[in-house]
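A.B. asks: Got a predicted structure plus its sequence, pasted below:
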Number of protein chains: 2
Amino acid sequence: MLREEILRAAEALLDEAGDESALTLRAVAARTGVTTPAVYRHFADKSALIAAVCMRVWESLGTAVREAIEAADDPFQGLRHGAVAYMRFGIDHPVHYRLLMMGRPPRPGEPHPEREAAMACLEYMAGAIRPCVEMGVLRGDPQHIALRSITAMHGCIALAIAHPYFPWPEDAEQFLDEVARMAGLGSAALGWLTSGPRRDVPSAEAYAASFQAWAGQFQGS
Amino acid sequence: MLREEILRAAEALLDEAGDESALTLRAVAARTGVTTPAVYRHFADKSALIAAVCMRVWESLGTAVREAIEAADDPFQGLRHGAVAYMRFGIDHPVHYRLLMMGRPPRPGEPHPEREAAMACLEYMAGAIRPCVEMGVLRGDPQHIALRSITAMHGCIALAIAHPYFPWPEDAEQFLDEVARMAGLGSAALGWLTSGPRRDVPSAEAYAASFQAWAGQFQGS
DNA sequence: GACGTCAAGTTGACAACGTCAATCTGCCGC
DNA sequence: GCGGCAGATTGACGTTGTCAACTTGACGTC
């Protein structure tokens, strides 16, 4: 009822102003048509409201990534397109992405509702990586690889949001794709340098020698 | 004189509280031993003060990265160690890194003192990448490659700061190194897939065939 | 040595913010 | 008809960034 209206008002404020400083309890209440303290009947405090706003956006992010992964032909394409979908979502919803992923770190012991949402995001990527590991191309713990790969995706969005004046390429879509491929190819190369190819997967074994030859000059890197 | 004392007080507040919300003009003024509006004689407003605080930290970041690059044996090691030094700095100074790199994006037309500092950071990485391009290992515009690689480094720090509860590996140093290598190897692979090896550099040409063989399975990625 | 000038700091205040205690209102069940 | 109670309002408190007006003190000039 009113809770829903408050959330809608908050979301509208965020979209219109494009700046989270416009999201004040007074503004939200006024837009909803109630007085300020009425908001406290539905949200413990301001941060709870913000968390609730983020949660709804988060779900659409989850489905966007999942759909991109599922629509792909093979695991590698799934990883690639999932990563691009993730970044695209951040670019398209900068304010929400800021709130959810670039907010103040939680004080130890403080309840942190976004925590599970962020962990779920990590799990999405790990899920897309797992088949690639099973194919013998990526090596190591899927969650570890996901964590490492997500640094590139998150960094791309975070940097673009906070520093729009950087010399970003005109073709944003291609750049996102490059970042996704950099992370995928780099992770594959890193795994092969560290662990070698999987012995039980013929296709991986077949590429081992040629990769080792190529990667020779990167041994230190 | 007083300006310097105010900056020191602000920096001390940041370090002690570990939270930028502790940085209020009143607290800074009280710690300096003057009244609040006296700060306005030396800084236009609060954001100018914050920018000034960041600037001093920024310079030490610059020297840390530069020294790491210069101390390396070859360009690739320089890139690797420079990247790790950059990330290490962010991990060691989370509050300052947050203020400088994860702050609110500048409104168009708004003066943004950190802008040149952030651009200088990009230039550092481009400078470390340029020799690798000349060696024929990385392909493309150094600044473009720097921008793409920095996404991984920035993302690593930004994610670690904002989401400390993520399943980060125990050996942080090794993880930073992995991220740096992922970006380096991934960028190299991406360049070779896109542009092929440099024809005029024999060592690059020599590895082309073996890399192409390895990368065959990643054509789509 | 008295004077004007001007930078530097203080006083007092304003609006906006998050938050809360106390109060009012309208509806449901007995 | 009446008690109880969820839900909204009133009024206020403390804190924040910011500013106008005033005071202070040092310096150079006649």
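C.D. replies: Received it, and whenever you're ready, just let me know what you need.
A.B. asks: What ranges does chain A have for its helices?
C.D. replies: A:2-17, A:25-32, A:46-70, A:75-92, A:94-101, A:114-134, A:142-162, A:172-195, A:202-215 (DSSP state H).
A.B. asks: where in chain A is pLDDT low?
C.D. replies: Filtered on pLDDT under 70, chain A yields the residue ranges A:111, A:216-221.
A.B. asks: re the thing from before, can you tell me which of the helices of chain A is most buried?
C.D. replies: helix A:142-162 (a mean of 24; mean count of other CB atoms under 10 Å in any protein chain shown). Where you see a C-beta, it was placed from the backbone N, CA and C, and this is true even at glycine.
A.B. asks: Identify the residues contacting the residue located most distally from the centre of chain A.
C.D. replies: The C-alpha centroid of chain A is most remote from A:Thr35, which lies 36.0 Å away (CA atoms, centre = their mean). Taking CB atoms under 8 Å, 6 or more residues apart in numbering or on different chains, we find A:Thr35 in contact with A:Ala29.
A.B. asks: what's the spacing between the closest residue to A:Leu100 other than its chain neighbours and DNA strand D?
C.D. replies: Computed as CB to CB, 6 or more residues apart in numbering or on different chains, the closest residue to A:Leu100 that is not its neighbour in sequence is A:Cys54, at 4.4 Å. As defined by CB to the nearest atom of the strand, to the nearest Å, A:Cys54 lies at a distance of 22 Å from DNA strand D.
A.B. asks: what residues are up against A:Cys54?
C.D. replies: A:Cys54 neighbours (CB under 8 Å, 6+ apart): A:His96, A:Leu99, A:Leu100, A:Glu114, A:Ala117.
A.B. asks: Now A:Asp171: phi and psi?
C.D. replies: Per-residue torsions, A:Asp171: phi -80, psi 90 (degrees, to the nearest 10).
A.B. asks: Kindly report the same for A:His93.
C.D. replies: Backbone torsions of A:His93, given as degrees, to the nearest 10, read phi -130, psi 60.
A.B. asks: just to revisit the earlier point, from the contacts of A:Cys54, pick the one nearest DNA strand D.
C.D. replies: Checking those against DNA strand D by CB to the nearest atom of the strand gives A:Leu99 as the nearest, at 20.3 Å.
A.B. asks: measure the closest residue to that closest one other than its chain neighbours to B:His163 for me?
C.D. replies: In space, A:Leu99 comes closest to A:Cys54 once its chain neighbours are excluded; the distance is 5.3 Å by CB to CB, 6+ apart. Separation of A:Cys54 from B:His163 (CB to CB, to the nearest Å) stands at 13 Å.
A.B. asks: Over to A:Met101?
C.D. replies: Separation of A:Met101 from B:His163 (CB to CB): 8 Å.
A.B. asks: any shared contact partners between those two?
C.D. replies: By CB under 8 Å, 6+ apart, the residues touching both A:Met101 and B:His163 are A:Ala118.
A.B. asks: coming back round to it: can I get the helices of chain A in a markdown table with distance to B:Ser187?
C.D. replies: What follows is these, written out as a markdown table (distance: least, CB to CB, whole Å):
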| stretch | distance to B:Ser187 |
| --- | --- |
| helix A:2-17 | 35 |
| helix A:25-32 | 44 |
| helix A:46-70 | 24 |
| helix A:75-92 | 16 |
| helix A:94-101 | 24 |
| helix A:114-134 | 20 |
| helix A:142-162 | 11 |
| helix A:172-195 | 6 |
| helix A:202-215 | 14 |
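A.B. asks: which residues touch the closest residue to A:Ala213 other than its chain neighbours?
C.D. replies: Of all residues not flanking A:Ala213 in the chain, B:Ser210 sits nearest, at 3.8 Å (CB to CB, 6+ apart). B:Ser210 makes contact with A:Ala209, A:Ser210, A:Phe211, A:Ala213, A:Trp214 under the criterion CB under 8 Å, 6+ apart.
A.B. asks: and the second one, how far is that from DNA strand D?
C.D. replies: Which is A:Ser210. With CB to the nearest atom of the strand as the criterion, A:Ser210 and DNA strand D are 60 Å apart.
A.B. asks: and what of the last one?
C.D. replies: With distances defined as CB to the nearest atom of the strand, the gap from A:Trp214 to DNA strand D amounts to 55 Å.
A.B. asks: Apart from its chain neighbours, what residue comes closest to that residue?
C.D. replies: B:Phe211 is the one closest to A:Trp214 (CB to CB, 6+ apart), at 3.6 Å.
A.B. asks: these two touch, right, that neighbour and A:Gln212?
C.D. replies: No. Assessed by CB atoms under 8 Å, B:Phe211 is found out of contact with A:Gln212, at 10.5 Å.
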